[in-house]
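In: with the sequence up front, the predicted model follows.
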Amino acid sequence: MSTPFLTIFTAPKPFTDPHIRVIQRNAIRSWKQLEPEVGIVLIGDEPGIEETAREFNLGHVSNVRKNDHGTPLISSIFEQGRSYYQSPQLAYINADIIIFSNFLDVTQFVSSLKKHYLLVGQRWDMDIREELDFSVGWEASLKEECKKNGQLHPRGGSDYFIYPRYCYRFIPDFAVGRAGWDNWMFYKARAEGWACIDGTPSIHIIHQNHDYSHLPGGQPHYRLPETFENVRLAGGRRTIFTLFDVQYEVANGSIQKYPADAKKFWREVEIFPLIKLKSRWLANLFFAILHPKRAWIEYRNWLKNRDKKAEK
């Protein structure tokens, strides 16, 4: 088994829902266009994963640790993704994301210049209901359709994380598919002094819109108990970083400093105690000084939760 330059790994949802099945198969087929430079590994024992891996001749690991809710853990997923091949570069991608050839091109470019880095970026949201045709010319036609019917998602988390294999060796036991853990990835890169790079100007990815019927109550993951646990494991609210916290961007064939303005300046001031001084106490103090209203709301909610626990 030859070693690919980049391992793409993911933990798909069950393939039982017809629409989820379609969009995950679309995503996987887009990744396969980058073989043999890219190796693909599906991780998990959800229905349909093993069969899909066999159909597309992909790597598959069924043994993944889970939390008490039965949700796979990010720590285990990343460990399995790193172990399957010995690729110098790794990429976790959400299983509904379509990528293009620039995904590999930019990874090769960044890895040739940066030893330690995290490459992330925004996605384009688009309604796709049927399996796509990946014959010659598919990239140009799909990008054109995305320009007409897609929408650039706001800057927040990321649906892909590209990094060298010796980064992110130790990850808390976050629940996959819940908020918080992707924000910690940004924080970790900044705290370790790795180059945190926004690939949005050069990497075009498409998120295929879907509902949340696979989650408890069919609701988005932001308010689920597992999300609160993810935030706790990350070290609290101060570690909830976003794409606004990158240092660089890949644009016009080069790695450039992320554009600075007053908002970016004050954000860097705010996170300085956390990423440079490693002081959570000072980080909370700086946050309270810069955002007194938000700090008061957080403190009031903390008091309410403390009183509720005391009553039990």
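Out: Looks like it came in fine. Numbering: from 1, shown residues only.

In: which residues in the stretch 1-150 of the chain form strands?
Out: For the stretch 1-150 of the chain, the strands defined by DSSP state E, counting those that start in this stretch cover 6-10, 38-43, 59-61, 89-93, 97-98, 117-120, 124-126.

In: centre of the chain to the fourth one, how far?
Out: Right, strand 89-93. When C-alpha coordinates are averaged (Cα atoms, centre = their mean, to the nearest Å), strand 89-93 and its chain have centres 10 Å apart.

In: the second one too?
Out: Relative to the mean C-alpha coordinate of its chain, strand 38-43 is positioned 16 Å out (Cα atoms, centre = their mean).

In: residues making contact with it?
Out: Residues from elsewhere that reach strand 38-43, judged by Cβ atoms under 8 Å, 6 or more residues apart in numbering: 3-12, 28, 31-32, 49, 52-53, 56, 58-61, 64, 72, 77, 80-81, 84-85, 87, 104. Using the backbone N, CA and C atoms, a C-beta is placed for each residue, glycine as well.

In: picking that back up, redo the strands of the stretch 1-150 of the chain as CSV? Include mean neighbour count.
Out: Below are the strands of the stretch 1-150 of the chain laid out as CSV (neighbours: other Cβ atoms under 10 Å):
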stretch, mean neighbour count
strand 6-10, 25
strand 38-43, 24
strand 59-61, 20
strand 89-93, 23
strand 97-98, 25
strand 117-120, 26
strand 124-126, 17
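
In: what sits opposite the residue lying closest to residue 145 once chain neighbours are set aside in the beta ladder?
Out: Closest residue in space to residue 145, ignoring its immediate chain neighbours: residue 126 at 7.7 Å, by Cβ to Cβ, 6 or more residues apart in numbering. Beta-bridge pairing for residue 126 (DSSP bridges): residue 208.

In: quick one: low-confidence ranges for the stretch 101-250 of the chain?
Out: Applying pLDDT under 70 to the stretch 101-250 of the chain flags the ranges 211-223.

In: quick one: the helices in it?
Out: For the stretch 101-250 of the chain, the helices defined by DSSP state H, counting those that start in this stretch occupy 101-113, 138-149, 181-192, 225-234.

In: and the shortest one with helix 181-192, angle?
Out: With axes from the mean of the first three to the mean of the last three Cα atoms, to 10 degrees applied, the angle from helix 225-234 to helix 181-192 works out at 10 degrees.

In: got the contact list for helix 225-234?
Out: Helix 225-234 has contacts (Cβ under 8 Å, 6+ apart) with 67, 69, 71, 172-175, 178-181, 183-184, 187, 221, 237, 239-240.

In: again, only this time at 6 Å
Out: Contacts to helix 225-234, defined as Cβ atoms under 6 Å, 6 or more residues apart in numbering, come from residues 172, 174-175, 178-181, 184, 221.

In: neighbour-wise, which one of these leads?
Out: residue 174 (28 neighbours; other Cβ atoms under 10 Å).

In: please look at that residue and residue 181 and confirm they touch.
Out: Yes - Residue 174 is in contact with residue 181 according to Cβ atoms under 6 Å; the separation is 3.5 Å.

In: got any residues that touch both of the two?
Out: Overlap of the contact sets of residue 174 and residue 181 (by Cβ under 6 Å, 6+ apart) consists of 74, 230.

In: just to revisit the earlier point, and of the strands of the stretch 1-150 of the chain, who's closest to residue 289?
Out: For the strands of the stretch 1-150 of the chain, proximity to residue 289 was assessed by Cβ to Cβ; strand 117-120 is nearest, at 28.4 Å.
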